[in-house]
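Q: Task: produce atomic coordinates for the following.
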Amino acid sequence: MSRRNLSLAAVFAAFATSATAQATDGPGPNLVIEVAGAANGTIVIDLLPEVAPLHVAQITTLAAQGAYDNVVFHRVIDGFMAQTGDVRYGKAGGDLSYAGTGDSDLPNIPAEFSNDLSFQRGVVGMARAADPDSANSQFFIMFAPGEFLDGQYTIVGNVISGMDVVDAIQRGEPPGTPDVMTRVSVQQ
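A: Purely as a prediction, here's the structure:
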């Protein structure tokens, strides 16, 4: 295991042991998500290009294009995770009946599973269809540990700030009044 992987494993283990702890900021880039609705505030995610370079490149490209702006959290399961990122059918103010089934105009991404990291509270993973190589634009943030996802979904980052905002996201599949990512940007 490389020194960087050991460091990442230690970070994940440290914040997994506490419901209120958050990971520390790594080399980034960081995804900054401004949220409005029942949850109000900013979520900052430290992306992990050394773990999932293709996925991080896709997320940062979509954020730079403004594709994630005004996209709702369309699937939020209490005690599990909050999912968002449907840039095709998940825009606030539109017909959300297909939210969660869309993607972007960019190609799907092959899986980049990590053997060194585990789905813990605050970990961010890429959503996909049945095909492991079908991730595109949607991602989810874990409310609680979900090791059963390990080796099945690509880990792309972890929340370093704003876990209280994540915890406040309206629950539902879909939520009655979904929270919205009003603006998503990338900081290097």
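Q: Asn115 and Gly151 touch, don't they?
A: Yes - contact between Asn115 and Gly151 holds when scored by Cβ atoms under 8 Å: they sit 7.3 Å apart. For every residue, glycine as well, the C-beta is placed using N, CA and C.
Q: neighbour count winner among those two?
A: Neighbour count, other Cβ atoms under 10 Å: between Asn115 and Gly151, Gly151 has more, with 14 against 9.
Q: so where's this protein uncertain?
A: 1-22 (pLDDT under 70).
Q: Strands of that one, start to end?
A: 30-36, 41-47, 71-72, 75-77, 81-84, 123-126, 139-142, 155-161, 180-187 (DSSP state E).
Q: export those strands to CSV and tack on distance to Ser97?
A: As requested, these are exported to CSV (distance: least, Cβ to Cβ, whole Å):
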stretch, distance to Ser97
strand 30-36, 22
strand 41-47, 26
strand 71-72, 12
strand 75-77, 13
strand 81-84, 16
strand 123-126, 23
strand 139-142, 20
strand 155-161, 27
strand 180-187, 17
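Q: Out of the ones you listed, which is closest to Val56?
A: Smallest distance to Val56 across the strands of the chain (Cβ to Cβ): 4.7 Å, for strand 41-47.
Q: Give me the sheet partners of the closest one and which way each runs.
A: The pairing partners recorded for strand 41-47 under DSSP bridges are strand 30-36 (antiparallel), strand 155-161 (antiparallel).
Q: Save the strands of the chain as CSV, and put in distance to Asp105 and mean neighbour count too.
A: Shown next, in CSV, are those (distance: least, Cβ to Cβ, whole Å; neighbours: other Cβ atoms under 10 Å):
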stretch, distance to Asp105, mean neighbour count
strand 30-36, 20, 20
strand 41-47, 21, 21
strand 71-72, 15, 28
strand 75-77, 22, 20
strand 81-84, 18, 26
strand 123-126, 17, 26
strand 139-142, 17, 25
strand 155-161, 20, 24
strand 180-187, 17, 18
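Q: Tell me which of the ones you listed approaches Arg171 most closely.
A: Closest to Arg171 of the strands of the chain, according to Cβ to Cβ: strand 75-77, at 4.8 Å.
Q: Having no further points to raise, I will conclude here.
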